[in-house]
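Novice: From the sequence below, what's the structure:
(one chain, ligands or ions: 1)
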Amino acid sequence: MSLTQASNGDAESLRLSFQDLSINSSTSTEYFSSVLDSGISSSSKSSDGNFAGKVVKLDLEGVECVESEKTSLSLSLSSSSCSKNVDVNEVSFRSVCPSKPHKGNDLRWDAIQCVKAKDGELGLGHFRLLKKLGFGDIGSVYLAELRGVGCLFAMKVMDKGMLAERKKLMRAQTEREILGLLDHPFLPSLYSHFETDKFSCLLIEFCSGGDLHLLRQRQLGKHFSELAARFYASEVLLALEYLHMMGVVYRDLKPENVLSSNQPSCAMASYCIEPSCIDPSCKLPVCVGHSCFQPTCFKPRLFKSKATKAKSERPRLVNSDSYPELIAEPTAARSMSFVGTHEYLSPEIIRGDGHGSAVDWWTFGIFLYELLYGRTPFKGNGNRETLLNVVGQSLKFPDGAVSFAAKDLIRGLLAKDPHKRLGFKRGATEIKQHPFFESVNWALIRGTTPPEIPKPVDLSCYNQTLKSSLYSNNKGASDSDRSSGPYLDFEFF
Ligand SMILES: Nc1ncnc2c1ncn2[C@@H]1O[C@H](COP(=O)(O)OP(=O)(O)OP(=O)(O)O)[C@@H](O)[C@H]1O
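Specialist: Residues are numbered from 1 along each chain as shown. Predicted structure coming up:
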C-alpha cells in the first residue's frame, strides 16, 4: 500500500475545523494593490499575457470553514486500546497503539502511548527539558527528553493565558489539528498534546540537523549539486503530494522551512526493534551502537519561520477540483492572505486570482531553482520589484552546469498561468514523471543515502547545570504545573 493510500484511509476518520484563525500578516493586499497599480499596469504584463490586475482585499481577521461537509474528519492522536499494564521499561513497546500507520514502528510513539497507558495523562513531569530550541509567534520550543526512556522530542510550550490574551487560541488549535492529522515520514509528527493549568504543550518530532537554507549556504558556491538538489526536491515533493492528498496546500515552501532530522530517537539500545512493516518503502530507524537514528530526511515545517513571521501566515486547507479536500478560507470568501516570502509568492497569489494547490508547484519550482543556483529567480531590489518580476518578468537561467532536464522542470513549474503549470492537471504524479526525476526510485526513497548527514545530537552537553537551571526557577507555573513534577521557567517572547 502506498503512503498516500494509507493516509487517505486516515483522512476519512479525521476532524478538522478552522474558525477564527487569527492572521497578523503585516503585508496586505492593499500593499500588493499599490504595487500592481503603480507598476504592472504601466509596464510589466506577465509573459503569458494573463495578468488581470485584479486585486482581492484581504480579510486579516480570521478564517472559517467554507464547506463544512468536507471537513468532517475526525482526529485521533492516541488510541484507547493501550494495555494499562504496559511497563514503560519493557522492551516490547512495538505495535502498541499503532493508530497512525507510520508510527507503528516508531519507538517514540510507542513510548508515549505506553506512558499514557501507565499514568493516564502526560504532564511536564514526564519530561526533562534539555535546551530551548527557539521560539515563535505563539510559543517556545524546547528539546525534551522523555524520562526513563531517553526519547527526544521538540516540545512546543504555549502559555494559555497569553494565547487567550492575544486571540491566538484558535491558531494554536489549528496548528495542533493540522499537525495531528499528518502521518508521513517527511513531515513532522505530532506525538501528543497535553495541557496543564497554565500551558498547552505539543510534543513534536525533534529535527536536529538544522534547515536547508543553512545547509545550502555551507555549500561551495552556496548552491547544491544537481544530485543533492534532486534528493531534497524528491523528499519535499513526496511531502507536498501527501499534504495535497490530505487537503492541505502548504504555500510556505522555502529552504528555511525544511528541517533536517537525524536524531537519536531513543537513547536506549534495548528499544531498537526489528522491522515489521510490510511496506517496502518503510524503513525502521537504524540502530547504531546505543542509539537509534532515523534515516536523514528533510521535513518541511508546517509553520513559518521566525524570520518571516511578519510576512507569512498559516498553511490553509483549500479545496481544489482534483482532490476531495477541506476548505478553510478567510472570513470573507473572496479574501486571501499573504503566505510566504515575496520571492516565493506565486503570480496568482499576487494577482489575487486564487490559491489552489498549484501554488505549491510554483513554490516548488522556486525552491528547486534556489537549491541549484543559490538564489531565487525573480528577486528584485526590494519587495515591490520582486513582486513585479514574479508576475511580469520571464524566467532566466544564469550560466551554470545545470542540466536541460532540471531547467525544463523548473520552466514547467514556473509557468505563470497556474492552469499551464506542471502539476496542475495530475498533481505530483505529473512532476514525478518528469525526466529530471528519472533516476529516482520513489518507493525506496527513504532508504536513499542523503548527500549530507547531519551530526546526531550530542546529549553530553546537556549537563546537570543546564538541567537544574531549567528546572529551578518557576515564576509562572501554577500549582498543577508544579504537581506534575519538576517545572520550568518558560520564557515567552
Ligand atoms: N520539530 C522541531 N525540531 C527542532 N527545532 C524546532 C522544531 N520545531 C521548531 N523548532 C525550532 O523552534 C523555533 C520556533 O518554532 P515555532 O514552530 O514555535 O515557530 P515558528 O515556526 O518559527 O514561527 P510561528 O510560531 O510564528 O509559526 C523554530 O524556528 C526552530 O528553530
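
Novice: Please enumerate the helices of the stretch 351-493 of the chain.
Specialist: 358-373, 383-392, 404-413, 428-432, 464-472, 479-483 (DSSP state H, counting those that start in this stretch).

Novice: Just the angle for the second one relative to helix 358-373, thanks.
Specialist: Relative orientation of helix 383-392 versus helix 358-373 (axes from the mean of the first three to the mean of the last three C-alpha atoms, to 10 degrees): 110 degrees.

Novice: packing partners for helix 383-392?
Specialist: Identification of packing neighbours for helix 383-392 by 3 or more C-beta pairs under 8 Å, 6 or more residues apart in numbering; DSSP states H and E yields helix 29-35, helix 347-351. Any C-beta I mention is one placed from the backbone N, CA and C, and that applies to glycine too.

Novice: Chain neighbours aside, what residue packs nearest to Arg176?
Specialist: Distance criterion C-beta to C-beta, 6 or more residues apart in numbering; nearest residue to Arg176, sequence neighbours excluded, is His193 at 5.7 Å.

Novice: Quick check: bridge partners of that neighbour?
Specialist: Beta bridges link His193 to Leu202, judged by DSSP bridges.

Novice: same for the lengthiest helix in the chain, what does it pack against?
Specialist: With secondary structure taken from DSSP state H, the chain has its longest helix at helix 226-245. On a contact count with 3+ C-beta pairs under 8 Å, 6+ apart, helix 226-245 meets helix 3-11, strand 297-300, helix 358-373, helix 428-432.

Novice: how does it look with 6 Å?
Specialist: Applying 3 or more C-beta pairs under 6 Å, 6 or more residues apart in numbering; DSSP states H and E, we find helix 226-245 packed against helix 3-11, strand 297-300, helix 358-373.

Novice: so for the following helix or strand past it, what's the average pLDDT?
Specialist: With elements assigned by DSSP states H and E, the helix or strand that comes after helix 226-245 is strand 248-249. On average, the pLDDT along strand 248-249 is 90.

Novice: Please identify the buried residues of the longest helix of the chain?
Specialist: For helix 226-245, burial by neighbour count (16 or more other C-beta atoms under 10 Å) applies to 226, 228-245.

Novice: ok, now stretch 138-153?
Specialist: For stretch 138-153, a neighbour-count test (16+ other C-beta under 10 Å) marks 138-146, 149-153 as buried.

Novice: ok, for Ser439, nearest residue in space, not its chain neighbours?
Specialist: Leaving aside its sequence neighbours, Ser439 sits nearest to Arg230 (C-beta to C-beta, 6+ apart; 7.5 Å).

Novice: I'd like to know how far that neighbour sits from Pro435.
Specialist: As judged by C-beta to C-beta, to the nearest Å, Arg230 and Pro435 stand 11 Å apart.

Novice: One more: Lys168?
Specialist: Plainly put, Lys168 is 45 Å away from Pro435 if you go by C-beta to C-beta.

Novice: Likewise for Val141?
Specialist: Val141 is 40 Å from Pro435, by C-beta to C-beta.

Novice: Does the residue nearest to Arg176 touch Ser200 like I think?
Specialist: No. Shown here, His193 and Ser200 do not form a contact pair, counting by C-beta atoms under 6 Å, at 7.3 Å.

Novice: So out of everything in the chain, what residue is nearest the ligand?
Specialist: Gly136 (2.0 Å; C-beta to the nearest ligand atom).

Novice: Where among the helices and strands packed on helix 383-392 is average confidence lowest?
Specialist: When the helices and strands packed on helix 383-392 are compared by mean pLDDT, helix 29-35 comes last with a mean of 43.

Novice: now the stretch 251-400 of the chain, which segments are flagged as low pLDDT?
Specialist: Along the stretch 251-400 of the chain, the parts satisfying pLDDT under 70 run over 262-340.

Novice: Count the residues that sit near Leu107.
Specialist: Using other C-beta atoms under 10 Å, Leu107 has 22 neighbouring residues.

Novice: Would you mind measuring from the nearest residue to Lys222 once chain neighbours are set aside to Lys254?
Specialist: Closest residue in space to Lys222, ignoring its immediate chain neighbours: Gly374 at 4.1 Å, by C-beta to C-beta, 6+ apart. Separation of Gly374 from Lys254 (C-beta to C-beta) stands at 14 Å.

Novice: Pick out whichever of the two has more residues nearby.
Specialist: Between Gly374 and Lys254, counted using other C-beta under 10 Å, Lys254 has the larger neighbour count: 25 against 16.

Novice: Could you report the neighbour count for the closest residue to that one other than its chain neighbours?
Specialist: Leaving out its chain neighbours, the residue that sits closest to Lys254 by C-beta to C-beta, 6+ apart is Tyr344, at 5.2 Å. A count of nearby residues for Tyr344, using other C-beta under 10 Å, gives 28.

Novice: Thought Ile366 was touching Tyr344, still the case?
Specialist: Yes. Tyr344 is within contact range of Ile366, at 5.1 Å (criterion: C-beta under 6 Å).

Novice: residue ranges for the strands of the chain, please.
Specialist: Secondary structure of the chain, counting by DSSP state E: strands at 63-65, 127-135, 140-146, 152-159, 190-195, 199-204, 248-249, 258-261, 286-288, 291-293, 297-300, 316-317, 328-330.

Novice: out of those, which comes closest to Ile112?
Specialist: Closest to Ile112 of these, according to C-beta to C-beta: strand 190-195, at 5.0 Å.

Novice: got a list of contacts for the closest one?
Specialist: Strand 190-195 is contacted from outside by 108, 112, 122, 176, 179-180, 201-204, using C-beta atoms under 6 Å, 6 or more residues apart in numbering.

Novice: What residues does the stretch 151-300 of the chain have near the ligand?
Specialist: Contact residues (C-beta under 6 Å from any ligand atom) of the stretch 151-300 of the chain with the ligand: 154, 156, 188, 204-207, 259.
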